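Asks: generate coordinates for the sequence data below:
(2 chains)
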Protein chains: 2
Amino acid sequence: MSSALLVIDMQQGFDDLYWGKRNNPQCETNVAALIAAYRKKGQAVIHVQHMSVEPQSPLRPNQPGNDFKPEALPIAGEKVFSKTVNSAFIGTDLEKYLHANGIDELVICGLTTDHCVSTSTRMAGNLGFKTYLVSDATATFNRKGIDGREWSADEIHQSALASLNDEFAEVLSTEAILKLF
Amino acid sequence: MSSALLVIDMQQGFDDLYWGKRNNPQCETNVAALIAAYRKKGQAVIHVQHMSVEPQSPLRPNQPGNDFKPEALPIAGEKVFSKTVNSAFIGTDLEKYLHANGIDELVICGLTTDHCVSTSTRMAGNLGFKTYLVSDATATFNRKGIDGREWSADEIHQSALASLNDEFAEVLSTEAILKLF
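Replies: Residues are numbered from 1 along each chain as shown, chains lettered A, B, ... in the order given. Model prediction:
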């Protein structure tokens, strides 16, 4: 059995002002470091690409925002799963692929902490994979509460990690993951 | 096609001090009002029961904490799905049951906002159900951040709802849902 790095929605469209104010500008550098470490060890790097069906989304297919960021470009032999919803496990063959390839551990990174990354992390843990989420290799945007409160991107990020840690995944920094690896 | 009320983990074990400090003491009253409204209209009330496999959990089977709270007791003819993970859709026949019974809309309530309710709401939306989450018929507990920050139950509740609203579900109050219904 082995570990795979699951890189979620590291796409150029997330640089668009459409999404609001982002936290953690180091996310891209940390994702690149994780990808490099997995490639060096010969372990699987799996990319997930969001093919948005929202008319206004910068992530919809056939425009530059759908493309991967330069820090997270797949190379030959790396699997890419396309999805249209938040979870990398819904409408894709990801779960089947992981079982078929003897992968029982996932290290998850990418965008955004509380939407696609949280949903995929929750399902990974609930489906029985040993799951790690890399706290500084994910990021999100400010959001408005249903009571009108303005939540900063960092508050949304940190509260999302607080809800995920020790329940769905072990949340660790890039440095801690690279030491374990 | 029709609507169902999905009542998640309304079990006595959540009254245990094990979980920390809870918010929204009105949750039980609001869940009871939603159940009464669905029963009156003859629409489905579906109960989800957590059968914990954690040795220390007050929700594990064969002890009083596993039982439903008095405000959310199933009655004859109402379906109960047992689960062992957070998502009501993983390891259960819930999705199949909803399709078989022509249910395309879910109104979700229960415990806890950021764990089982959030995970089930995310999957409901991603699986294509029209999904409502009832903001004041769910509640959660205080949690510690990975940076050591102490988050109150209400902060975790409100930030979780901010991340879910308009992405996975429409988040509305009990009063608003009962007006729509």
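Asks: can you tell if the lengthiest helix in chain A touches chain B?
Replies: Longest helix in chain A, counting residues (DSSP state H): helix A:27-41. No: interface with chain B: helix A:27-41 contributes nothing (Cβ under 8 Å from any Cβ of the partner chain), its closest point being 14.9 Å away. Backbone N, C-alpha and C define where each C-beta goes, glycine included.
Asks: pull the CA atoms of whichever helix or strand comes after that helix into CSV?
Replies: Moving toward the C-terminus from helix A:27-41, the next helix or strand (DSSP states H and E) is strand A:44-50. The C-alpha coordinates for strand A:44-50 follow below in CSV (Å, rounded to 0.1, in the frame of the first residue of the first chain):
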residue,chain,number,x,y,z
ALA,A,44,1.8,9.2,-7.2
VAL,A,45,0.9,12.8,-7.8
ILE,A,46,-2.8,13.0,-8.7
HIS,A,47,-4.3,16.2,-10.0
VAL,A,48,-7.9,17.3,-9.8
GLN,A,49,-9.2,19.9,-12.2
HIS,A,50,-12.5,21.8,-11.7
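Asks: show me how far the helix or strand that strand A:44-50 is followed by is from its chain's centre.
Replies: Downstream of strand A:44-50, the next assigned helix or strand under DSSP H and E is strand A:80-83. Distance of strand A:80-83 from the chain centroid (Cα atoms, centre = their mean, to the nearest Å) equals 12 Å.
Asks: contact residues of chain A facing chain B?
Replies: With Cβ under 8 Å from any Cβ as the criterion, chain A meets chain B at residues A:85-87, A:90, A:114-115, A:118-119, A:122-123, A:125-127, A:135, A:143-147, A:149, A:151, A:155-156, A:158-163, A:165, A:167-168, A:171.
Asks: the longest helix of chain A vs strand A:44-50, what angle?
Replies: For helix A:27-41 against strand A:44-50, the angle by axes from the mean of the first three to the mean of the last three Cα atoms, to 10 degrees is 140 degrees.
Asks: next, the buried residues of helix A:27-41.
Replies: A:Cys27, A:Glu28, A:Asn30, A:Val31, A:Ala32, A:Ala33, A:Leu34, A:Ile35, A:Ala37, A:Tyr38 (16 or more other Cβ atoms under 10 Å in any protein chain shown).
Asks: rebuild the residues you listed as a markdown table, extending it with pLDDT.
Replies: Compiled in a markdown table, the buried residues of helix A:27-41 are given as follows (pLDDT from 0 to 100):
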| residue | pLDDT |
| --- | --- |
| A:Cys27 | 98 |
| A:Glu28 | 98 |
| A:Asn30 | 98 |
| A:Val31 | 98 |
| A:Ala32 | 98 |
| A:Ala33 | 98 |
| A:Leu34 | 98 |
| A:Ile35 | 98 |
| A:Ala37 | 98 |
| A:Tyr38 | 97 |
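Asks: and the end-to-end length of stretch A:141-150?
Replies: Terminal residues of stretch A:141-150 lie 11 Å apart, using Cα to Cα, to the nearest Å.
Asks: would you mark the buried spots in it?
Replies: A:Phe141, A:Asn142, A:Arg143, A:Gly145, A:Ile146.
Asks: quick one: mean pLDDT over that stretch.
Replies: In this model, stretch A:141-150 has an average pLDDT of 97.
Asks: what's the weakest-modelled helix or strand in chain A?
Replies: Ranked by mean pLDDT, DSSP states H and E, the helix or strand of chain A with the weakest confidence is helix A:174-180, at a mean of 96.
Asks: just the CA coordinates for it, please, in PDB.
Replies: Taking Å, rounded to 0.1, in the frame of the first residue of the first chain, the C-alpha atoms of helix A:174-180 are listed here in PDB:
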ATOM      1  CA  THR A 174       4.300  21.300   4.600                       C
ATOM      2  CA  GLU A 175       7.500  21.100   6.700                       C
ATOM      3  CA  ALA A 176       6.000  18.400   9.000                       C
ATOM      4  CA  ILE A 177       4.700  16.400   6.000                       C
ATOM      5  CA  LEU A 178       8.100  16.500   4.300                       C
ATOM      6  CA  LYS A 179       9.800  15.300   7.500                       C
ATOM      7  CA  LEU A 180       7.300  12.300   7.800                       C
END
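Asks: name the next helix or strand following the host helix or strand of A:Ile108 along the chain.
Replies: Element membership for A:Ile108, per DSSP H and E: strand A:103-111. Once strand A:103-111 ends, the next helix or strand along the chain (criterion: DSSP H and E) is helix A:118-126.
Asks: what's that next one packed up against?
Replies: Packing contacts for helix A:118-126, counted by 3 or more Cβ pairs under 8 Å, 6 or more residues apart in numbering or on different chains; DSSP states H and E, involve strand A:2-8, strand A:103-111, strand A:130-139, helix A:153-164, helix B:118-126.
Asks: change it to 10 Å
Replies: Judged by 3 or more Cβ pairs under 10 Å, 6 or more residues apart in numbering or on different chains; DSSP states H and E, the packing partners of helix A:118-126 are strand A:2-8, helix A:94-100, strand A:103-111, strand A:130-139, helix A:153-164, helix B:118-126, helix B:153-164.
Asks: ok now it, how far from the chain's centre?
Replies: Helix A:118-126 has its C-alpha centroid displaced from the chain centroid by 11 Å (Cα atoms, centre = their mean).
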